[in-house]
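Peer 1: just coords:
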């Protein structure tokens with residue numbers, strides 16, 4: 001980045017970095033590394049064909065063990081561009097977005113079902129999630145600059161466009177040992193999130209508000225029904241007791257009064273207006 005100073009090592013980023021580095025260390029251990037990779041790589045055949053869906057997330061914590069550049073580049077980019085987004089969103093929303101971006105970009109590998117060879121080719125790395133994050137950053141701060149390939153100062157939105165073009169052409173021509181579709185998926189996830197999140201949030205808030213209003217109306221109807229019950233059924237019995245005494249009640253009226261007392265106790269946690277009469281009922 002071209003601005004002075006370094007971003008904070010925020011809580012969410014710290015957790016993601018620690019988890020990613022821990023998995024990479026496990027990958028370096030002979031025997032253990034092969035087991036971890038075998039269980040966590042995003043192999044389209046195993047993920048979609050055998051429904052091992054955890055691979056849609058676990059692959060993002062695996063990185064190339066032949067060189068540290070892969071993991072260092074991804075974690076450096078996560079830190080440099082993620083810290084400010086986490087401060088804006090909060091840790092929970094930021095981490096959830098990152099994990100969902102990993103899953104979303106991983107889903108793009110489903111396209112490899114069209115190629116029998118790639119159907120069995122494993123995908124690893126957080127590049128898709130990181131590119132989703134970089135895309136969000138570009139949409140939030142399009143005039144910010146970065147050093148593209150650590151050499152060329154460009155606006156971050158231009159950098160994302162370049163990465164997108166590379167991923168698009170790379171996917172079309174199968175360039176190199178890189179999952180260009182996953183990278184392209186990350187950019188698509190970032191774009192979709194920024195464009196759709198406000199609308200989805202507004203929709204959820206309206207649904208929540210309508211649900212609260214419906215519950216309030218239901219509670220009010222219940223209160224009205226309860227009040228009508230006491231006014232039309234119980235109050236006449238209480239008036240009869242007041243004028244003629246308990247002995248004037250029929251067995252059915254006593255039973256009604258007993259049931260009303262229980263209903264009042266269940267609703268209020270106490271016997272309420274029926275308390276003075278309940279003990280005299282036999």
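Peer 2: Noted; the coordinates are in hand. Since we're looking at a predicted model, the values are computed, not measured.
Peer 1: Okay, and the residue nearest to residue 104 when sequence neighbours are not counted sits in which element?
Peer 2: Residue nearest to residue 104 in three dimensions, not counting chain neighbours: residue 189, with 3.9 Å by C-beta to C-beta, 6 or more residues apart in numbering. Placement of C-beta: from N, CA and C, glycine included. Using DSSP states H and E, residue 189 sits within helix 180-229.
Peer 1: Please name every helix or strand in contact with that helix.
Peer 2: In terms of contacts (3 or more C-beta pairs under 8 Å, 6 or more residues apart in numbering; DSSP states H and E), helix 180-229 is packed against helix 91-107, helix 127-140, helix 156-173, helix 251-268.
Peer 1: Just the pLDDT for residue 135.
Peer 2: Among the per-residue scores, residue 135 holds a pLDDT of 88.
Peer 1: residues in contact with the closest residue to residue 59 other than its chain neighbours?
Peer 2: Of all residues not flanking residue 59 in the chain, residue 42 sits nearest, at 3.5 Å (C-beta to C-beta, 6+ apart). With contacts defined as C-beta atoms under 8 Å, 6 or more residues apart in numbering, residue 42 is in contact with 55, 56, 58, 59, 106, 109, 122, 123, 124, 182.
Peer 1: Next, residue 42: phi, psi?
Peer 2: As for residue 42, its main-chain torsions (degrees, to the nearest 10) stand at phi -90, psi 90.
Peer 1: how far away is residue 250 from residue 263?
Peer 2: 19 Å (C-beta to C-beta, to the nearest Å).
Peer 1: Repeat that for residue 48.
Peer 2: For residue 48, the distance to residue 263 equals 56 Å [C-beta to C-beta].
Peer 1: Could you do residue 195 as well?
Peer 2: From residue 195 to residue 263 the distance is 52 Å (C-beta to C-beta).
Peer 1: for residue 233, same thing?
Peer 2: Distance of residue 233 to residue 263, computed by C-beta to C-beta: 11 Å.
Peer 1: I appreciate the help and will end here.
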